[in-house]
Every structure is written in C-alpha cells, then in structure tokens.
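Asks: give me a model of this one.
(one chain, ligands or ions: 1)
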Amino acid sequence: MKTEFRDTGVLVNTPPPRNGNPTSSPSPDPVAKSPVADALPPLLLFEHASKWYGPVLALNQVTLELTSGITGLVGANGAGKSTLIRLATGQTQPTIGRVTVRGVDAWDWRARELVGYCPDHDAFYEDMSGRTFVYSMARLCGFDRAESRRRTEGVLDRVGMTDRADRKLRGYSKGMRQRIKLAQALLPDPELLVLDEPLSGVDPVGRQDLLELFRSLAGQGKCLLISSHELEELEKLTNHVAIMARGRIAAVGTLQQIRDLMEDFPLSVRVDSDRPRDLARRLLEVPDVIGCDISGDDAGGSVVVRARHPKRFFQTFGRLVVDEMIEVRGLEPLDDSAHAILGYLLGGSGKT
Ligand SMILES: Nc1ncnc2c1ncn2[C@@H]1O[C@H](COP(=O)(O)OP(=O)(O)OP(=O)(O)O)[C@@H](O)[C@H]1O
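Replies: I've put the predicted structure just below:
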C-alpha cells in the first residue's frame, strides 16, 4: 500500500479503489467504527514516541492521548509541533515508540482514512479551480467518479465554498485557501482533523469565520488538533492545550489543570542582578523559596533560586525587588518545561 506526501501539500492515500462506503476496508479491521465508543482504542495515541532526524532529537519520549474535542498544540519555534503532526498524520514513523490511530499504526493507510490533514503551507496547482482541486484529491483518495463528485460538493458546502469554488485558486484569499485545504482534509469524513497553523496569514474576518467552522466541526463530533502561534485566537476556541518544549510535552490539559499543576511545580529560576548576595538573603526569607545558589560578587552576578508555587513566588519577588531597589538584569526559568508553560500562561494571551 503506497502512501505519500505529494507536492500539492496534501496528504494522499492510495488505498484500494473504493465506493461510497469509506469503512468498507477488509476485515478484521481494528479501526472499524463501533457504536460502543468506549470500547474503541484511543483516537490518537503516542506511546513514548521519539523521532530523530540524523543527530537531532526532534521528539523525545512523547506520550499523548486524544479522544475528542479541540486541542491546541503550542510551543516555541523548534519545539517539535510539526514533527508531532507528521507522526500523527503518518507522514513519518517514530524512531522509537508507537503512534496509533484507533489502535492502528498511524503509518498504515487504514489509520489515514480516519485522519484529515490541513498543512500549513499551500502548494496548489494555481490554475485549477477549488472545485477541481478537491475533486482531484477525492480521486487520489480512491473514490470513484460519482462518489468523488458527491464528496466534493459535500465538503465544499461544509466549508462554505460552494459558490466560490469555480474560481481559479490563484485568485483566492488566504482564508479561502485554508477552506479549500480544509475541504480536502474532510473528504474521507475523518474522525481526527489535524490543522497546522490554520489561522496564519488569514485576515481578522476570515479568522472569525474559520474559528466558527472549527467549532461547528467539533460540534459534529470531530476531534481537532490545532497547532497555532495565535494563542489569543486559539483560546477563543478551546481551553484544552498541549504545550511543547524541546521535543517533549511539557503539559497537557485544560488551562485550569495546567495552572493547578504549576502551583505545585518546583521552579528553578536564574536571576541576574546588581546585588546577588542581598537578593539571595532576602529571597531566603520568602516562605516559598526552597534554596538559593549565588555566583558573582557585589558588583553583579546571578542567583539561582528554587521555589514552590511559581505564581505566588513571582508576585512576592516583584514586590521584593521594588522595595529593596534591586536591579534585575535578567530572569530565566531553567527548566525547559516550566519555561514553556510559564511562557504560555504568563505571556501570549496575557492571561495568568
Ligand atoms: N527534516 C529535518 N531534518 C533535521 N532536523 C529537523 C527536520 N525537521 C525538523 N528538524 C528539527 O527538529 C526540531 C523540531 O522541529 P519542528 O519543525 O518539529 O518544530 P516546530 O515546533 O514545528 O517549529 P516551528 O514552530 O518553527 O515550525 C528542530 O530542532 C528542527 O530544527
């Protein structure tokens, strides 16, 4: 069974020819839909999955389970989001560990029938119309002509492009291009939709429309995994996020669960200051501080402070440096996970 990632930027499956029934795969088929949802294996499961690109460890022992709803995938550049997406959509295999969709290896074409992928980049045949493009993708998915036409109209309607789909792709706005990519991702009527930076470059009105579309897809029972740097917009959509840092999942859950987690998360922070000794002396009086290590001298240096309850610690810390008129020249959480989580909770959306 051949599966490839074509230049169109669209994940293409080449399973056996099929008619209107997308679940008419040969049995026994562990991905077959069952009315007893609880009895099914998880929709998407990463089990200690690692991915090396030559000497680069892009994904490090990731364990993650998705079952329903919308999950935001966030993290700094290079954190491993695209690699995680490539593994989830079967574009590449883990070097170590397993990635499965409903219990089937994500690399297997049967798993791909359950996953729709909307890549971040556009690689269309620009002279094609949106309708022809989606129809061609349906044919490449293995549907016969009649079924491809039926599905094309169905997905164009679902993304609100029926009336605009005969224009050439080169004339489309960014938002329209995203809709067409989404339409092709919906062709197999997948349970899981993986969207890589779907809002990037889309104007504010287009964004609102897309958010509405994502909500409605989730309302229809689809599970969505959305990678995005647009944190404010993402939070309008879901409060369930997976935060990545250096190839690991630093935290996953609702924002409240992650904030609660951070309450108990011991934190190491390096503070560069003009008076590290005075700062360390005062910090050791703070109840949440577990310890301090000083480097440098009275002319300047650093204190590595270990503290519990980061939010409360930072509030006290802010008051302390103002009261004592201590100059803070730099502040850096030393733990990658804590750095990423705090960066997300305290930055980005501006929420704390
Ligand atoms: N094909 C590749 N060959 C070598 N290294 C790679 C390859 N793809 C990704 N990497 C490296 O793997 C790490 C994770 O990259 P990845 O693209 O998954 O991160 P990301 O979170 O998606 O980043 P961005 O937000 O910038 O797209 C980075 O260090 C990156 O340089």
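Asks: do you know how far residue 140 is from residue 228?
Replies: 27 Å (C-beta to C-beta, to the nearest Å). From N, CA and C alone the C-beta is placed, and that goes for glycine too.
Asks: neighbour count: the two, which is higher?
Replies: Neighbours per residue, other C-beta atoms under 10 Å: of residue 140 and residue 228, the larger number sits with residue 228, 22 against 18.
Asks: just checking, the more buried one touches residue 72?
Replies: Yes - counting by C-beta atoms under 8 Å, residue 228 touches residue 72, with 6.3 Å between them.
Asks: next, show the common contact partners of the two.
Replies: residue 234 (C-beta atoms under 8 Å, 6 or more residues apart in numbering).
Asks: who's in contact with stretch 324-334?
Replies: Residues contacting stretch 324-334 (C-beta under 8 Å, 6+ apart): 267-275, 278-279, 282, 300, 304, 320-321, 339, 342.
Asks: flag every buried residue along that stretch.
Replies: 326, 333 (16 or more other C-beta atoms under 10 Å).
Asks: what is the end-to-end distance of that stretch?
Replies: Using C-alpha to C-alpha, to the nearest Å, one end of stretch 324-334 lies 24 Å from the other.
Asks: now do that stretch: distance to the chain's middle.
Replies: Centroid separation between stretch 324-334 and its chain, computed with C-alpha atoms, centre = their mean, to the nearest Å, is 32 Å.
Asks: avg pLDDT for it?
Replies: Looking at stretch 324-334 alone, the average pLDDT works out to 87.
Asks: contacting residues around the host helix or strand of residue 146?
Replies: Using DSSP states H and E, residue 146 sits in helix 145-158. For helix 145-158, contacts defined as C-beta under 8 Å, 6+ apart pick out 18-20, 130-131, 134-135, 138-139, 141, 143, 162, 165, 183-184, 186-187, 217.
Asks: how about 6 Å then?
Replies: Residues outside helix 145-158 that contact it (C-beta atoms under 6 Å, 6 or more residues apart in numbering) are 19, 20, 134, 135, 138, 139, 162, 165, 183, 186, 187.
Asks: would you reformat these as TSV and include secondary structure and distance to the ligand?
Replies: Shown next, in TSV, are the contacts of helix 145-158 (DSSP: H, G, I helix; E, B strand; the rest coil; distance: C-beta to the nearest ligand atom, whole Å):
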residue	secondary structure	distance to the ligand
19	coil	37
20	coil	36
134	helix	26
135	helix	31
138	helix	29
139	helix	30
162	helix	33
165	coil	30
183	helix	24
186	helix	23
187	coil	25
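Asks: just the buried members of the residues you listed?
Replies: Neighbour-count burial (16+ other C-beta under 10 Å) applied to those gives 134, 135, 138, 139, 162, 165, 183, 186, 187.
Asks: those residues: which two are farthest apart?
Replies: Farthest-apart pair in the buried ones among the contacts of helix 145-158 is 139 and 162; separation 19.3 Å (C-beta to C-beta).
Asks: helix, strand or coil: sort out the spatially closest residue to residue 98 that is not a sequence neighbour for me.
Replies: Closest residue to residue 98 apart from its sequence neighbours, by C-beta to C-beta, 6 or more residues apart in numbering: residue 47 at 4.5 Å. The three-state assignment at residue 47 reads strand, by DSSP: H, G, I helix; E, B strand; the rest coil.
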